[in-house]
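J.: turn this into a model:
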Amino acid sequence: MRDNQPSMNAPNMHDALGAFRDPALVRPLSRTITALAGERTINLMEVCGTHTMSIGRYGFRSIMPVGLHLLSGPGCPVCVTANQDIDHAIALARVPGVIITTFGDMMRVPGSTSSLSAEKAAGRDIRIVYSPLDALEIAQASPAKQVFFLGVGFETTTPTVAAAILEAQARGITNFSVFCAHKLTPPALRVIASDPQTHVDGFILPGHVSTITGVDPFRFLVDEFSIPGVITGFEPVDILEGVAKLTQMVVEKRPDVINAYHRGVNAEGNAVARELVSQVFEPCDAAWRGLGVIPQSGLRIRPEFRGFDARLRFNVQVEPTVEPRGCRCGDVLRGRIAPAECPLFGRACTPETPVGPCMVSSEGSCAAHYRFRS
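T.: Below you'll find the predicted structure:
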């Protein structure tokens, strides 16, 4: 199996990416995977929402050997946001004189009894933004209002939120704050790897997150669990090459963490972005939907920036958390069941009428399975 990437000596990026979709490269990789896997049972888990979408879009589950299973893990930041965090954001939205800003995917995620979309329909001032810096501009333009940004995401999105807080401080904007629900990827993988009810033989590691973290934060998978991991991109050749490398390491019992996404990820990641995050945030225990409270898996705003912490800005009453009845998003996020095994999937729970967050986000496992019937 080759270790080199397809040539990038193309006249433009469109042509370059075309090399990673070339059927002439896809077919032999598929044959390699089949030959390596044989009749073995092998479970590989992807932990990135973009990988979830790509695997569904390209129909990769349908071409895998019968014993090789591609599981979806906790790779969608919207999906893993705990119910109590959604309820807290809804409580903030009900405070008079408040503007809540958020990414679009968060609007329809059900809380215990409501959602941000329902609150907006009821007259709350809730706005969709594309960046925390958009929220900062809204705050500057609305000095009589308190503007909260709902910060959700993994290592990839956190640097921009840190930059927004530093910018707000530099510009003296005091009516801007962040409700921080950011998560760190490696601690969640440790929970999955140690879960006796979820058997994972290898991880398809997240390409976007790895641009920030680099490779080393995932080496514990080998050191502690003897589970291999491959960082891959998102095109067909990227994913199949990652699956092939993982399968080979599983079969040969030689686990390692490999970067197969050299055009996007370097071994050290982005030290500047990590320093920015470290300046504003510090690790803390965090609740994950389906995984419970994971030690040191979240981020909170450091005390020196507490004026920008929405959790401290208002002492709101948050309603008791109630999980959606019958929803098995938690088991889906752990890889214990496939989305179609949830009794609500495709019946009570569809993208038009989602019961759980895995059916809400475009990167959610259930939404991807429903859309592509994978």
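J.: would residue 33 count as being in a strand?
T.: No - counting by DSSP: H, G, I helix; E, B strand; the rest coil, residue 33 is not found in a strand; it is helix.
J.: what does the spatially closest residue to it that is not a sequence neighbour show for phi and psi?
T.: Leaving aside its sequence neighbours, residue 33 sits nearest to residue 244 (C-beta to C-beta, 6 or more residues apart in numbering; 5.1 Å). C-betas here are computed from N, CA, C, even on glycine. In terms of degrees, to the nearest 10, the main-chain angles of residue 244 are phi -60, psi -40.
J.: got it, and residue 352?
T.: phi -80, psi -30.
J.: and for it, the neighbour number?
T.: Other residues lying near residue 352 total 6 when counted by other C-beta atoms under 10 Å.
J.: do I have it right that residue 58 meets residue 243?
T.: No - at 11.6 Å, residue 58 does not count as touching residue 243 under the criterion of C-beta atoms under 8 Å.
J.: just the helices in the stretch 51-200 of the chain please.
T.: 77-80, 83-93, 116-121, 132-141, 158-171, 185-193 (DSSP state H, counting those that start in this stretch).
J.: can you check which of the ones you listed gets nearest to residue 26?
T.: helix 185-193 (27.6 Å; C-beta to C-beta).
J.: how about the closest one as CSV, C-alpha atoms only?
T.: Output in CSV follows, covering the C-alpha atoms of helix 185-193 (Å, rounded to 0.1, in the frame of the first residue of the first chain):
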residue,chain,number,x,y,z
THR,A,185,-11.5,15.9,21.2
PRO,A,186,-8.8,13.6,22.7
PRO,A,187,-10.6,13.1,26.1
ALA,A,188,-13.7,11.9,24.3
LEU,A,189,-11.7,9.4,22.4
ARG,A,190,-10.3,8.1,25.6
VAL,A,191,-13.8,7.5,26.9
ILE,A,192,-14.7,5.7,23.7
ALA,A,193,-11.5,3.6,23.7
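J.: for the residue located most distally from the centre of the chain, give its distance to residue 96.
T.: Going by C-alpha atoms, centre = their mean, the residue of the chain most distant from its centre is residue 144, 34.4 Å out. Per C-beta to C-beta, to the nearest Å, residue 144 is found 11 Å from residue 96.
J.: residue 279 too?
T.: The value you get for residue 279 to residue 96, if C-beta to C-beta is used, is 33 Å.
J.: okay, those two: which has more neighbours?
T.: residue 279 (15 against 8).
J.: just give the nearest non-adjacent residue to the more buried one, would you?
T.: residue 162 (6.7 Å).
J.: tell me the pLDDT at the one you found?
T.: With respect to pLDDT, residue 162 scores 98.
J.: next one: it from residue 283, what distance?
T.: 14 Å.
J.: then residue 108?
T.: The value you get for residue 108 to residue 283, if C-beta to C-beta is used, is 30 Å.
J.: got it, and residue 293?
T.: Residue 293 is 13 Å from residue 283, by C-beta to C-beta.
J.: rewinding a little: among the helices of the stretch 51-200 of the chain, which comes closest to residue 349?
T.: helix 77-80 (13.0 Å).
J.: rewinding a little: looking at residue 162 and residue 283 now, which is surrounded by more residues?
T.: Taking other C-beta under 10 Å, residue 162 and residue 283 do not tie; residue 162 has more neighbours (24 against 14).
J.: how about the strands in the stretch 251-374 of the chain?
T.: 257-259, 281-288, 292-301 (DSSP state E, counting those that start in this stretch).
J.: now do the contacts for the residue nearest to residue 279.
T.: 276-277, 279-281 (C-beta atoms under 8 Å, 6 or more residues apart in numbering).
J.: so what's the residue farthest from the centre of the chain closest to, chain neighbours aside?
T.: Here the residue nearest residue 144, using C-beta to C-beta, 6+ apart, is residue 97, at 7.2 Å.
J.: what number of residues lie near the one you found?
T.: 10.
J.: please renumber so the chain begins at 267
T.: Sounds good: first residue 267 from here, last item residue 363.
J.: now it: how far from residue 435?
T.: Applying C-beta to C-beta to residue 363 and residue 435 gives a distance of 22 Å.
J.: cool, and residue 639?
T.: 48 Å.
J.: of the two, which one has the most company?
T.: residue 435 (16 against 12).
J.: from what I see, that one and residue 571 are in contact.
T.: Yes - using C-beta under 8 Å, residue 435 is in contact with residue 571, at 7.1 Å.
J.: overlap in contacts of the two?
T.: Counting by C-beta under 8 Å, 6+ apart, nothing touches both residue 435 and residue 571.
J.: ranges for the strands of the stretch 367-516 of the chain?
T.: 392-394, 412-419, 442-448, 468-471, 495-497.
J.: let me have those in CSV, adding mean pLDDT, distance to residue 331 and mean neighbour count as columns.
T.: Output for those, formatted as CSV (pLDDT from 0 to 100; distance: least, C-beta to C-beta, whole Å; neighbours: other C-beta atoms under 10 Å):
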stretch, mean pLDDT, distance to residue 331, mean neighbour count
strand 392-394, 98, 42, 17
strand 412-419, 96, 34, 25
strand 442-448, 97, 37, 26
strand 468-471, 98, 14, 28
strand 495-497, 98, 18, 29
